[in-house]
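Undergrad: okay, sequence plus prediction incoming.
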Amino acid sequence: QTTVQTCTVHLLRAAMRFVSYTDRKRVAAALRPIYTAPTVEAAETELAAFADSEFGRRYPAAVATWQAAWERFIPFLEFPPELRRIIYTTNSIESLNFQLRKIIKNRGHFPSDDAVIKLLWLAIRDIEDKRARARAKEAGLPGHQRKAPGKLVEGSTVVGWKQALGALALAYPDRIGPYLS
């Protein structure tokens, strides 16, 4: 019962590979109506409008990137806007998975499942400790100067999370309701 979608940020980056640096901001603004469209039909209309625009004709490879990934992208459009803000990218998940894979691949095999779980748990603690040290070094700096990553697990702050939970509760009241009380 899982919905699989492509990462919107990665799709945008893939399309931007074909765009001149001087046009990137304007092309990104022209692509925005596609991934913010309320429905799949509206997004298709916006993609067609982009393809017929000056930028679409100038950068046909960017249009082709969106068209090739369309079936993997459209599950994203089934979610309400409040949820889209939470799930539009997989960067944090991919970052964590990369770090955990790096730790596991350096070990040949494990004597038990518990050994793997313990190793992953210790790795997550180490990753969070590194992030906490980086945040501590930047404490007191203005927000626009901070480069340290946010919290990975405990206490991680996600903007718009309450609205996303509300949208989930409306869509799946029998599954989400007990967690909201």
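TA: Yes, it's here.
Undergrad: now do the buried residues in stretch 35-44.
TA: By neighbour count with 16 or more other C-beta atoms under 10 Å, stretch 35-44 contains the buried residues 35, 37, 43. Heads up, the C-betas are built off the backbone N, CA and C, glycines and all.
Undergrad: got it, and stretch 66-82?
TA: 66, 69-70, 73, 76-77, 79, 82.
Undergrad: of the residues you listed, the lowest pLDDT goes to which?
TA: Among these, residue 82 has the lowest pLDDT, at 79.
Undergrad: and the strand or helix carrying it, what other elements does it pack with?
TA: Element membership for residue 82 (DSSP states H and E) is helix 81-87. Here helix 81-87 touches helix 161-171, going by 3 or more C-beta pairs under 8 Å, 6 or more residues apart in numbering; DSSP states H and E.
Undergrad: how far does the helix it packs on sit from its chain's centre?
TA: 18 Å (C-alpha atoms, centre = their mean, to the nearest Å).
Undergrad: now that helix: mean pLDDT?
TA: For helix 161-171, mean pLDDT rounds to 71.
Undergrad: do stretch 43-53 as well
TA: 96.
Undergrad: what about the chain, any weak spots by pLDDT?
TA: For the chain, applying pLDDT under 70 flags the ranges 1, 90-92, 150-161, 171-181.
Undergrad: can you tell me the centre-most residue of it?
TA: By C-alpha atoms, centre = their mean, the chain has its centre lying nearest to residue 89, at 0.9 Å.
Undergrad: just checking, it touches residue 8?
TA: Yes. Using C-beta atoms under 8 Å, residue 89 is in contact with residue 8, at 6.5 Å.
Undergrad: and the buried residues of stretch 35-44, which of them are in strands?
TA: Of the positions in those, not one sits in strands, assigned by DSSP state E.
Undergrad: could you dump those into a markdown table and include distance to residue 62?
TA: Output for the buried residues of stretch 35-44, formatted as a markdown table (distance: C-beta to C-beta, whole Å):
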| residue | distance to residue 62 |
| --- | --- |
| 35 | 14 |
| 37 | 17 |
| 43 | 16 |
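Undergrad: out of those residues, who's nearest residue 120?
TA: Nearest to residue 120 out of the buried residues of stretch 35-44 is residue 35 (C-beta to C-beta; 33.0 Å).
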